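Peer 1: Would you be able to build a 3D model of this:
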Amino acid sequence: CVIGIAVLDLAFGHLLYLDADGQVMQRNYDVATEHRGTVIQLLVEEGSTVRKGELIAQVQSRDVLEHLADLRARKLEAERDLNSMRARRTFLLATREAAQERARILERTLNRTKEAEARGLVRAERLSDAVDDAFQGMKEAQQVVADAAVIDETIRLLETNLRDLTEALAVLESSYNDGQVHAAEDGLIANLNVVEGAVVDPGDSLMQIFYNEAFVLAQVPTGTAFNLEVGERVAIKSGVATYDGRIEYIYPVASKLSEEFQRTFEPTHRRQLARVEFLNNDNDLALFTKVQITSSTIGRPLERMAEV
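Peer 2: Numbering: from 1, shown residues only. Alright, predicted model coming up:
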């Protein structure tokens, strides 16, 4: 009879009541850099606890340093060109009034020379010289005005270029931050993937930081006779310890069963994923601890009957 109950439990127990594998988890994110570089300093180790804003690593990028040096040099050159052009504009503005006044004086001189020539007081050669002088004065005045317009446009373009260079430099300096990598949350370091001297590419995970309250990511069998519902009370079992829990969220996906829960030589199974919250904050389970989720504190009912 005992053997029969045990066989029945193994064959059909998981279809009749909640019996799911799970793992203690926390919210987490991958720590990565935006640039290719070398890890020159690693200030944490696997299992370290960190505070938000704490320096955890430094990654030096030769490419970024070269780009920063180039942007700074171009910014200095743009500032020099802009200052030079502004000085030329100041000079032109100072001479524009003088050039225009000279042109007006030469024009009045031309008019008086025409009147004098008409009365026969001056020779034709003097009138010709007055015409040439007036034309040259007008030409110079117009040239000053034209040069000022060109310089104004050049200054506008130089200011735009300088602004773009300044913004690009600020963005790159901010994202690179002297190669410093800081923790974005209070948490625990896990899955440390690098050592000092390692070369990393953009997006490569240096490590993961796990933060916030612990929960259980349960992998619930599909096609069962029971319905899993949000808010349902469950038992979280680890060895002889049992903790009260509740189904907090049921994910709308069926995921491949984790490797550690797969049995050798069996086909790959897919399970419904559910998030289970601890009802008490006194659990002492370590991150990644494997647990069993059941609908009762006695675990698998048929299995317990067989043991009795």
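
Peer 1: Roughly how far does the nearest residue to Leu285 once chain neighbours are set aside sit from Gln292?
Peer 2: Spatial nearest neighbour of Leu285, excluding adjacent residues (CB to CB, 6 or more residues apart in numbering): Val24 at 4.8 Å. For the C-beta atoms, the positions are set from N, CA and C on the backbone; glycine is no exception. Taking CB to CB, to the nearest Å as the measure, Val24 and Gln292 are separated by 12 Å.

Peer 1: And Met138, by the same measure?
Peer 2: Counting by CB to CB, the gap from Met138 to Gln292 is 99 Å.

Peer 1: what does Val145 give?
Peer 2: Between Val145 and Gln292 the computed distance is 88 Å (CB to CB).

Peer 1: to the chain's geometric centre, what's the distance from the helix or strand containing Glu140?
Peer 2: Following DSSP states H and E, the helix or strand that holds Glu140 is helix 124-176. Taking the mean C-alpha point of helix 124-176 and that of its whole chain, the gap between them comes to 41 Å (CA atoms, centre = their mean, to the nearest Å).

Peer 1: Show the average pLDDT along that helix.
Peer 2: Mean pLDDT, helix 124-176: 84.

Peer 1: next one: stretch 243-262
Peer 2: pLDDT averaged over stretch 243-262 equals 76, rounded to a whole number.

Peer 1: Which other helices and strands does the host helix or strand of Ala69 contact?
Peer 2: For Ala69, the host element (DSSP H and E) is helix 62-118. Judged by 3 or more CB pairs under 8 Å, 6 or more residues apart in numbering; DSSP states H and E, helix 62-118 is in contact with strand 37-42, helix 124-176.

Peer 1: Of the ones you listed, which is nearest Ala87?
Peer 2: Evaluated with CB to CB, those place helix 124-176 nearest to Ala87, the distance being 10.0 Å.

Peer 1: In a markdown table: the helices and strands packed on helix 62-118, plus mean neighbour count and distance to Asn191.
Peer 2: Output for these, formatted as a markdown table (neighbours: other CB atoms under 10 Å; distance: least, CB to CB, whole Å):
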| stretch | mean neighbour count | distance to Asn191 |
| --- | --- | --- |
| strand 37-42 | 18 | 14 |
| helix 124-176 | 14 | 24 |
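
Peer 1: Now render the ones you listed as a markdown table, adding distance to Gln208.
Peer 2: Rendered in a markdown table, the data for these read as follows (distance: least, CB to CB, whole Å):
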| stretch | distance to Gln208 |
| --- | --- |
| strand 37-42 | 14 |
| helix 124-176 | 21 |
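
Peer 1: Show me the one of those that comes nearest Arg271.
Peer 2: Using CB to CB as the criterion, the shortest distance between Arg271 and those is 36.2 Å, found for strand 37-42.

Peer 1: The closest one pairs with which strands?
Peer 2: Strand 37-42 sits in its sheet next to strand 55-60 (antiparallel), strand 199-200 (antiparallel), going by DSSP bridges.

Peer 1: Relative to Leu165, which of the ones you listed is closest?
Peer 2: Going through those one by one, with CB to CB as the measure, strand 55-60 comes closest at 23.4 Å.

Peer 1: Name the residues that touch the closest one?
Peer 2: Outside strand 55-60, the residues within contact range by CB atoms under 8 Å, 6 or more residues apart in numbering are 31, 33, 35, 37-44, 50, 178-183, 189, 194, 200, 206-207.

Peer 1: Write the PyMOL selection for whichever of the residues you listed are buried.
Peer 2: The PyMOL selection below is limited to those of those classed as buried (16 or more other CB atoms under 10 Å):
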select buried, resi 31+33+35+37+38+39+42+44+50+179+181+183+189+194+200+206+207
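
Peer 1: From Asn227, how far out is the residue nearest to Leu285?
Peer 2: Applying CB to CB, one obtains 25 Å for the distance of Val24 from Asn227.

Peer 1: Below-threshold pLDDT in the stretch 201-308 of the chain: ranges please.
Peer 2: Flagging of the stretch 201-308 of the chain using pLDDT under 70 yields the residue ranges 225, 255-269, 296-308.

Peer 1: where do the strands sit along it?
Peer 2: 205-220, 233-238, 241-256, 270-278, 290-294 (DSSP state E, counting those that start in this stretch).

Peer 1: strand partners of the first one, parallel vs antiparallel please.
Peer 2: Neighbouring strands of strand 205-220 in its sheet, by DSSP bridges, are strand 19-32 (antiparallel), strand 187-190 (antiparallel), strand 270-278 (antiparallel).

Peer 1: Could you point out which of those sits nearest Arg80?
Peer 2: strand 19-32 (38.1 Å).

Peer 1: Throw the strands paired with strand 205-220 into JSON lines and include distance to Asn83, thanks.
Peer 2: Rendered in JSON lines, the data for the strands paired with strand 205-220 read as follows (distance: least, CB to CB, whole Å):
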{"stretch": "strand 19-32", "distance to Asn83": "41"}
{"stretch": "strand 187-190", "distance to Asn83": "49"}
{"stretch": "strand 270-278", "distance to Asn83": "61"}
